[in-house]
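1. Turn this into a structure:
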Amino acid sequence: MTYRLLEHTADVGIEATGADAGATLCEAARGLTHVLTGGGLHDHGRDGRSERAFFVEAPDRESLLVAFLSELLWLLESDGVLWAGGGVRLSDTTDGLRAEAGGNFVRFDPRRHGGGVEVKAVTYHDVRFGPDGEGWVARVILDL
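-> Sure thing, here's the model as predicted:
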């Protein structure tokens, strides 16, 4: 399981891999945090950490990836918190897919966590999320 950042004109991409869909979404979230902080979230103890749960639903896998990362962006903008790791479980719904996420969030402090770049949106450009060989892969472009 891992993620890597991809160069893309004036934007940046994330490519994440994992053993299953949930693990791959977690890696994509780590990639988003890397972009937002300029290097990833370093452990600073339990200060400012909180447990949270949320879910997103979408009609297909690619839309679920965009919705999941967009929700993490919204949590940063609205509550000032960053994903610090956790788990994601996917399930089918009558209209598509649901991702239920739970884990640790940390209050974002640019002095402690570094300063990356502002992400305006998670885009559908070149989006991919599905099985790949023995695991899963996700690819998404972030609008900076």
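
2. And the helix or strand encompassing residue 129, what does it pack against?
-> In the assignment (DSSP states H and E), residue 129 maps to strand 128-132. If you count contacts as 3 or more Cβ pairs under 8 Å, 6 or more residues apart in numbering; DSSP states H and E, strand 128-132 packs onto helix 61-79, strand 135-143. From N, CA and C alone the C-beta is placed, and that goes for glycine too.

3. Could you pull up the mean pLDDT of it?
-> For strand 128-132, the mean per-residue pLDDT is 97.

4. Quick check: the gap between the most far-flung residue of the chain relative to its centre and residue 68.
-> Largest separation from the mean C-alpha position in the chain: residue 94, at 24.4 Å (Cα atoms, centre = their mean). Look at residue 94 and residue 68: by Cβ to Cβ, to the nearest Å, they are 19 Å apart.

5. who's the closest residue to residue 59 other than its chain neighbours bridged to?
-> Residue nearest to residue 59 in three dimensions, not counting chain neighbours: residue 96, with 3.9 Å by Cβ to Cβ, 6 or more residues apart in numbering. Beta-bridge pairing of residue 96 under DSSP bridges involves residue 93.

6. Checking the residue positioned nearest the centre of the chain next. Helix, strand or coil?
-> Geometric centre of the chain, nearest residue: residue 29, 2.2 Å, by Cα atoms, centre = their mean. Following DSSP: H, G, I helix; E, B strand; the rest coil, the label given to residue 29 is helix.

7. ok, now how distant is it from residue 95?
-> Distance from residue 29 to residue 95, by Cβ to Cβ: 24 Å.

8. what's the answer for residue 123, then?
-> Applying Cβ to Cβ, one obtains 23 Å for the distance of residue 123 from residue 95.

9. what about those two, which has more around it?
-> Each of residue 123 and residue 95 has its neighbours counted (other Cβ atoms under 10 Å); residue 123 has more, 17 against 9.
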